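> Sequence plus predicted model, see below.
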Amino acid sequence: MLNITENRVEKWIDMSQFKSAKIFEDNKGYRMVKKTIWILGLLLLVFLFLPWTQNVSGAGSVTTLKPNQRPQTVQSAIAGRIEKWYVNEGDYVKKGDTILFISEIKEDYLDPNLVENTGRQVDAKVSSASSYASKVKALENQIGAIDNERGLKFKQAQNKLIQAKLKVQSDSIDLEAVKTQLKIAKTQYNRSINLNKEGLKPLTDVEEKRVKLQDTEAKIITQENKYIAAQNEVLNAKMELNRILAEYSEKVAKAQSDKQTALSSQFDTEAQVNKLKNQYQNYQIRNGMYYIVAPQNGYVNRALQSGIGETIKEGTSIVSIMPANFDIAVETYISPVDFPLIHKGEKVRVWFDGWPSIVFSGWPGASFGTFGGVIVAKENFISENGKYRVLIAPDKNDKVWPKQLSIGAGTQTIALLNNVPIWFEIWRTLNGFPPNFYEPTPTEKTKK
């Protein structure tokens, strides 16, 4: 029927007896169908060899480029009771504007004059520390006076010792002189006796010599007593030196002990002063926390707490604020098998939910309604949804992203990889193989 062989059926069979043979015999429409099939087959064959751009697709949402530009919750740093609201949902607030006022609920801070009373305690402790410092200074002066007095007393005792030693020397010389006089007196007495026996001296002269000898003997005893007394004075002077050293050492030690005690009290008081100052500053800062203010310019999205008189704990989220100024970006999630193919700095095509677009993933040049993006970051740890998060910023060399985009809007992304034939891509997809491993071509800047 298709006339593709020389062995014709009509040589053995009469085809005229068949109705279908009569229909297709010399039928121009059949010839047209046959040509169409051949043309479509050729087109399909050519189509299989057309280039196809491999890509990595992902889905995500619109976000902001910097963490401080994303929606945030304002929290209370202290526990309290809601007293007054100053904003409504949807209001625009500037940095520092008051959002909410809360009152104190902890009994340690209920005193309305807590800051003033603590300030008075600080002043009192400062005065006490100054008093201890003055006492330490007075004790230092006292120690200096004791040292001076000890020096004078010690010098005086040294002089007495020198005097006593000189007196010992003087009495020693006098004793030797008296001993010499005793020898002379004995010699004269013995000579007088001999001359009296010979009749040359009268008896009265002998008696005079005896009296003189006795006087000399009495003098030597007196002089010996003086010499011993002078030696005792030397000993007493030495003992006085030791007593002065011991006495004033005790006085200095007592003054030093009093000084160390005063220093210890001073340091302890200064530590208490620092502690009270810390409490004073904490109380002042805590008073400023009763008014919860906006951390930056933005819009109040939602009040997470409501009512008057409701108590909240530390760290409780109160309102959600969306910053007024932000740099838009897209966060998309890709499969783990595609993660090695994504590199920082690569360009990506993005289209947004609600914006008209016609996308041909394999032929990005034929797509319509897509916007250019650049990969600025990728997480190396898998997310809870089992995929890897990639952050995309607008491509400055491409058309500007719509200003009407809102945070959280849905997006679709495709990262372009290598160009391969369509038959290869079909074969890869049917077998479940990942795209070819892709390494971006390094530029001169990257090489440097």
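Sure, I can see it.

> can you point me to the longest strand in the protein?
Looking across the chain with DSSP state E, the single longest strand is strand 51-64.

> Direction included, what does it pair up with?
strand 328-334 (antiparallel), strand 410-421 (antiparallel) (DSSP bridges).

> Which parts of the protein are helices?
All helices of the chain, identified by DSSP state H, fall at 19-24, 28-48, 114-197, 203-288, 422-431, 444-447.

> comparing the strands paired with strand 51-64, which gets the lowest mean pLDDT score?
Lowest mean pLDDT within the strands paired with strand 51-64: strand 410-421, at a mean of 74.

> rank the helices of the chain by mean pLDDT and give me the bottom one.
With a mean of 52, helix 444-447 has the lowest mean pLDDT of the helices of the chain.

> So residue 226 versus residue 177, what's the distance?
Here the criterion is C-beta to C-beta, to the nearest Å. By it, residue 226 lies 12 Å from residue 177. In short, each C-beta sits where N, CA and C put it, glycine included.

> higher neighbour count, those two?
residue 226 (18 against 13; other C-beta atoms under 10 Å).

> what sits against that one?
Residues counted as contacts of residue 226 (C-beta atoms under 8 Å, 6 or more residues apart in numbering) are 171, 174-175.

> what's the distance between the spatially most central residue of the chain and residue 423?
By C-alpha atoms, centre = their mean, the chain has its centre lying nearest to residue 278, at 18.7 Å. Distance of residue 278 to residue 423, computed by C-beta to C-beta: 76 Å.

> repeat for residue 128
According to C-beta to C-beta, residue 128 and residue 423 sit 93 Å apart.

> Kindly state the neighbouring-residue count (a burial measure) for residue 171.
Other residues close to residue 171 by other C-beta under 10 Å number 20.

> now swap in residue 349 and tell me
Residues lying near residue 349 (other C-beta under 10 Å) number 24.

> Could you give the bridge partners of it?
Under the criterion used (DSSP bridges), residue 349 bridges to residue 372, residue 414.

> Compute the distance between it and residue 300, please.
When C-beta to C-beta is the yardstick, residue 349 and residue 300 sit 35 Å from each other.

> cool, and residue 284?
For residue 284, the distance to residue 300 (C-beta to C-beta) stands at 28 Å.

> higher neighbour count, these two?
Per other C-beta under 10 Å, whichever of residue 284 and residue 300 has more neighbours is residue 300, with 20 against 13.

> Enumerate the beta-bridge partners assigned to residue 302.
Here residue 302, judged by DSSP bridges, has bridge partners residue 320.

> Quick check: it touching residue 319?
Yes. Counting by C-beta atoms under 8 Å, residue 302 does reach residue 319; the two are 6.9 Å apart.

> Same drill for the two, tell me which one is more crowded.
Legend: neighbour count by other C-beta under 10 Å for residue 302 and residue 319, higher for residue 319 (23 against 13).

> So the more buried one sits against residue 306, correct?
No. Residue 319 is beyond contact range of residue 306, at 10.3 Å (criterion: C-beta under 8 Å).

> Now the terminal residues of stretch 82-99, how far apart.
Counting by C-alpha to C-alpha, to the nearest Å, you get 11 Å between the two ends of stretch 82-99.

> Nice, that's everything, thank you.
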